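Peer 1: Need a 3D model of the following:
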Amino acid sequence: MSFQPFTIKYVISANFEVEGVVEKPDVIGAVFGQTEGLFGSELDLRELQKTGRIGRIEIELKSEKDRTRGKIIIPTSLDRVSTAIIAASIESIERIGPCQAKVHLEKIEDIREAKRKAIIERAKEILHDWNLERQPETEEIFREVSEILRAARVQKYGPENLTAGPDIDSAKEIIIVEGRADVINLLKVGIQNVIALEGVKIPETIIRLTKEKEATAFLDGDRGGDLILKELLQVARIKYVARAPKGKEVEDLNAKEIEAALRNRVPVEEVTKKKRKRRKILLPKEIERAVEELKGTRESILLDENMKEISRFPVSELAEKLKEIEGVDTIVFDGVITQRLVDIASEKKIRFLIAARISDVIKQPLNVKLLTFSDVSK
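Peer 2: Presented below is the predicted three-dimensional model:
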């Protein structure tokens, strides 16, 4: 495998099986085409590749007896949450070329963990050789290093075996972070009442702890952090919110940045006040009905100017099929409005794009009205 020269954190490996004979371009087309628009431009593979957050997608395949099996390999510099979402999106692929396909995640490899293990093994060799040459100094250094490692040693906490510092039970306050690397980074600067979520779903242990102790959510300064905070506020009792600087992750912060972020934490009430109430817009009942029908389906409905249904199909096919269908006035779909969809709609003189969400980077044209489900009155 050959990867682009950028800082790889994780490598997604997924196996696929196709009922027919396909080539590598067919697989690449399915990967980009069937994941487009699922979670907005922030997690769109084309955009991520342009900005260097994912590397070259490698495809390995072999065809025999009218079946094709292979592997999809995606290197990424994204955070854990975004990487997991990309992996799950790849598993949602149902067709490759003209054929039915099944995709299953094999593993997500943490490149940094593998690198750390290699460094530790090499350090052991260096210490061994050094010990043979300069015994007294080696013993002193080994003792000092051992004390540091003991001080920074993480623990497993609760039935979910969450990564945590040693002071969770004794502390009156706890700090909730996203992952294991965040816990280790805070332990290095002496913060020991820290515990990790280790996933998008909020563990029951975290929910219980927030009812018993004063809790601060200390999250990455990216979209993943936004999503986790949203879910935390729904199920847990959070008192304060602290964020890493925009675009940074807690695991990468130095001591001064950690101190500043926690010092500038804000009460959760201030966070919730920032949520804007959108004014609902009165639209034809056919649109309201379509919105209610589509919620949670990942499907799209195309309507003509008389609000009659032209076609209905999965969101993953929307961009390509829209280029071929004429007479469309309104599109309602359970997905995210991306710049590509806006450009196509503008070109085809479509009046309304109505979806579950609108991407933050959208530049709205004058001839297309962009709305979300929450904008539509019932």
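
Peer 1: shouldn't A345 be in contact with T330?
Peer 2: No - assessed by C-beta atoms under 8 Å, A345 is found out of contact with T330, at 9.8 Å. For every residue, glycine as well, the C-beta is placed using N, CA and C.

Peer 1: Which stretches in the chain count as helices?
Peer 2: Applying DSSP state H to the chain gives helices spanning 24-33, 45-50, 80-91, 111-133, 135-151, 180-188, 204-212, 223-235, 255-263, 268-273, 285-294, 318-322, 339-347.

Peer 1: In terms of mean pLDDT, which of these ranks lowest?
Peer 2: Note on these: lowest mean pLDDT is at helix 135-151, with a mean of 56.

Peer 1: Name the nearest residue to R223, ignoring sequence neighbours.
Peer 2: Nearest non-adjacent residue to R223, counting by C-beta to C-beta, 6 or more residues apart in numbering: E42, 4.8 Å away.

Peer 1: do you know how far that neighbour is from V21?
Peer 2: 35 Å (C-beta to C-beta, to the nearest Å).

Peer 1: Compare those two (neighbour count), which wins?
Peer 2: Between E42 and V21, E42 has the larger neighbour count (other C-beta atoms under 10 Å), namely 20 against 15.

Peer 1: about what we covered before: quick one: which of the helices of the chain is nearest L162?
Peer 2: Closest to L162 of the helices of the chain, according to C-beta to C-beta: helix 204-212, at 6.0 Å.

Peer 1: Kindly format the C-alpha coordinates of the closest one as PDB.
Peer 2: Taking C-alpha atoms only, helix 204-212 is exported to PDB below (Å, rounded to 0.1, in the frame of the first residue of the first chain):
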ATOM      1  CA  GLU A 204     -24.600   4.600  31.300                       C
ATOM      2  CA  THR A 205     -21.600   5.000  33.700                       C
ATOM      3  CA  ILE A 206     -21.100   8.600  32.400                       C
ATOM      4  CA  ILE A 207     -24.900   9.400  32.900                       C
ATOM      5  CA  ARG A 208     -24.700   8.000  36.400                       C
ATOM      6  CA  LEU A 209     -21.600  10.000  37.300                       C
ATOM      7  CA  THR A 210     -23.000  13.300  36.100                       C
ATOM      8  CA  LYS A 211     -25.900  12.800  38.500                       C
ATOM      9  CA  GLU A 212     -23.600  12.200  41.400                       C
END
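
Peer 1: residues of it that come out buried?
Peer 2: Judged by neighbour count using 16 or more other C-beta atoms under 10 Å, the buried positions of helix 204-212 are T205, I206, L209, T210.

Peer 1: Give me the helices and strands touching that helix, please.
Peer 2: strand 173-177, strand 194-196 (3 or more C-beta pairs under 8 Å, 6 or more residues apart in numbering; DSSP states H and E).

Peer 1: so it versus strand 173-177, what angle?
Peer 2: Angle of helix 204-212 versus strand 173-177, following axes from the mean of the first three to the mean of the last three C-alpha atoms, to 10 degrees, is 150 degrees.

Peer 1: So which residues lie in contact with helix 204-212, not counting its own?
Peer 2: Helix 204-212 is touched from outside by 157-160, 162, 168, 174, 176, 195, 197, 215, 235-238, with contacts defined as C-beta atoms under 8 Å, 6 or more residues apart in numbering.

Peer 1: hmm, back to that, looking at the buried residues of helix 204-212, which is nearest T76?
Peer 2: I206 (25.9 Å).

Peer 1: Can you tell me how far the closest one is from V22?
Peer 2: The spacing between I206 and V22, counted by C-beta to C-beta, is 44 Å.

Peer 1: how is this protein carved up into domains?
Peer 2: 10-111, 152-273, 285-375 (automatic domain parsing).

Peer 1: contacting residues for the residue nearest to E109 when sequence neighbours are not counted?
Peer 2: Closest residue to E109 apart from its sequence neighbours, by C-beta to C-beta, 6+ apart: V11 at 4.6 Å. Residues in contact with V11 (C-beta under 8 Å, 6+ apart) are I73, I74, P75, T76, I108, E109, I111.

Peer 1: correct me, but the last one touches K9?
Peer 2: Yes - applying C-beta under 8 Å as the test, I111 and K9 come out as touching, 6.1 Å apart.

Peer 1: Who has more neighbours out of those two?
Peer 2: K9 (22 against 16).

Peer 1: ok, that one - contacts?
Peer 2: Contacts of K9 (C-beta under 8 Å, 6+ apart): T76, S77, L78, D79, T83, D110, I111, R112.

Peer 1: can we see that at 7 Å?
Peer 2: T76, S77, I111, R112 (C-beta atoms under 7 Å, 6 or more residues apart in numbering).

Peer 1: and which of those is nearest to I310?
Peer 2: T76 (37.8 Å).

Peer 1: wait, doesn't that closest one sit right on T83?
Peer 2: Yes - between T76 and T83 there is a contact under C-beta atoms under 7 Å: 5.2 Å.

Peer 1: what's the overlap in contacts for the two?
Peer 2: Y10, I12.

Peer 1: out of everything not next to it in sequence, what's closest to the spatially most central residue of the chain?
Peer 2: In the chain, the C-alpha nearest the mean C-alpha coordinate belongs to S82, at 1.8 Å (C-alpha atoms, centre = their mean). Leaving aside its chain neighbours, S82 sits nearest to G224 (5.1 Å; criterion: C-beta to C-beta, 6+ apart).

Peer 1: now swap in I202 and tell me
Peer 2: In space, I202 is closest to V235, 5.1 Å off (C-beta to C-beta, 6+ apart).

Peer 1: now swap in I72 and tell me
Peer 2: A14 (4.6 Å).

Peer 1: residues contacting that neighbour?
Peer 2: K71, I72, I90, E91, V103, H104, L105, E106.

Peer 1: State the pLDDT value of the last one.
Peer 2: Reported pLDDT at E106 in the predicted model: 92.
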